[in-house]
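Peer 1: output the structure for:
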Amino acid sequence: MAFSADELRVLRRALAIALHPMPLSDEDVQDCLRLAGSVDEAVGEAGRLRAFLLADLARYRAALPGSVTGYLELLQDALAAGYDPRPDDLAALRALRGKPLAAVLLERCQILAERSVRARLAGRSAALVAPGPRSRLLALPGGRAADREPERPKAPAAPAPAPGRSPAPGPRPAPKPSEVFPPRRRPAPPPSEEERAAG
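Peer 2: Numbers count the residues shown, from 1 in each chain. Modelled structure (predicted):
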């Protein structure tokens with residue numbers, strides 16, 4: 001995750017305030033809330049991209065052996081993003097081990113799968129205490145929140161549609177990764193000497 005210069009400034013200030021509590025100005029509170037919103041949005045987008053990558057990987061795995069090159073590239077990307085290889089991946093790589101890249105990936109995936117199994121077994125024997133999901137930052141000490149009572153979240157009342165009319169459309173859904181990121185294109189091979197001489 002990368003932060004802009006302004007976000008780093010806000011993060012630095014928030015960390016300093018966490019170490020040395022003091023009253024905050026309204027501007028500082030708003031900056032911290034905006035930063036928390038940006039981080040939440042980035043985490044959500046990373047989750048959507050990961051889900052897209054894993055779905056794409058499953059599609060390529062199902063289309064093997066015709067999609068060998070694309071599958072191996074996607075598996076490398078998924079492993080770099082922290083993906084734990086599944087038994088289906090190991091079986092596919094064993095079938096493709098005649099290719100050098102598949103053999104290297106098979107070895108790497110076997111090591112990762114073994115580590116994953118050991119970690120799960122060790123986790124079951126220890127106390128099962130999983131950290132909860134990161135909660136939203138609602139208020140900071142000082143600033144506006146110190147002057148008034150905390151706001152209670154209100155459930156939005158949906159207006160009843162008028163008879164004979166269709167309900168108004170909701171908020172725009174998040175775009176799919178395929179809409180945001182164009183597919184990878186391979187560079188065209190350079191023209192041959194004959195084509196350059198002719199053109």
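Peer 1: in this structure, which residue is most central in space?
Peer 2: Centre of the chain computed as the mean C-alpha position; nearest residue by Cα atoms, centre = their mean is Ala46, 1.5 Å away.
Peer 1: in terms of helices and strands, where is that residue?
Peer 2: Using DSSP states H and E, the element containing Ala46 is helix 26-62.
Peer 1: now the element after that helix, going C-ward?
Peer 2: Next along from helix 26-62, by DSSP H and E: helix 68-80.
Peer 1: flag every buried residue along that following helix.
Peer 2: Buried residues in helix 68-80, counted by 16 or more other Cβ atoms under 10 Å: 68, 70-72, 74-75, 78-79. Just so you know, the C-beta spots here come from the backbone N, C-alpha and C atoms, and that holds for glycine as well.
Peer 1: neighbouring contacts of it?
Peer 2: Contacts of helix 68-80 with the rest of the structure, by Cβ atoms under 8 Å, 6 or more residues apart in numbering, involve 53-54, 56-57, 60-61, 63-64, 83, 85, 89, 92-93, 96, 99, 101-102, 105, 108-109, 112.
Peer 1: same deal with stretch 174-181?
Peer 2: Outside stretch 174-181, the residues that reach it (Cβ under 8 Å, 6+ apart) are 48-49, 52.
Peer 1: alpha carbons of that stretch, in PDB - could you do that?
Peer 2: Coordinates of each C-alpha in stretch 174-181 appear next as PDB, following Å, rounded to 0.1, in the frame of the first residue of the first chain:
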ATOM      1  CA  ALA A 174     -18.100  -0.900  -7.500                       C
ATOM      2  CA  PRO A 175     -16.500  -1.500 -10.900                       C
ATOM      3  CA  LYS A 176     -15.200  -5.000 -11.700                       C
ATOM      4  CA  PRO A 177     -11.400  -5.300 -12.000                       C
ATOM      5  CA  SER A 178     -11.800  -6.100 -15.700                       C
ATOM      6  CA  GLU A 179     -13.400  -2.700 -16.200                       C
ATOM      7  CA  VAL A 180     -10.600  -0.900 -14.300                       C
ATOM      8  CA  PHE A 181      -7.600  -2.800 -15.400                       C
END
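Peer 1: what about that stretch, average pLDDT?
Peer 2: The average of the pLDDT scores along stretch 174-181 is 73.
Peer 1: circling back: now the residue nearest to the centre of the chain: how far from Ala2?
Peer 2: 12 Å (Cβ to Cβ, to the nearest Å).
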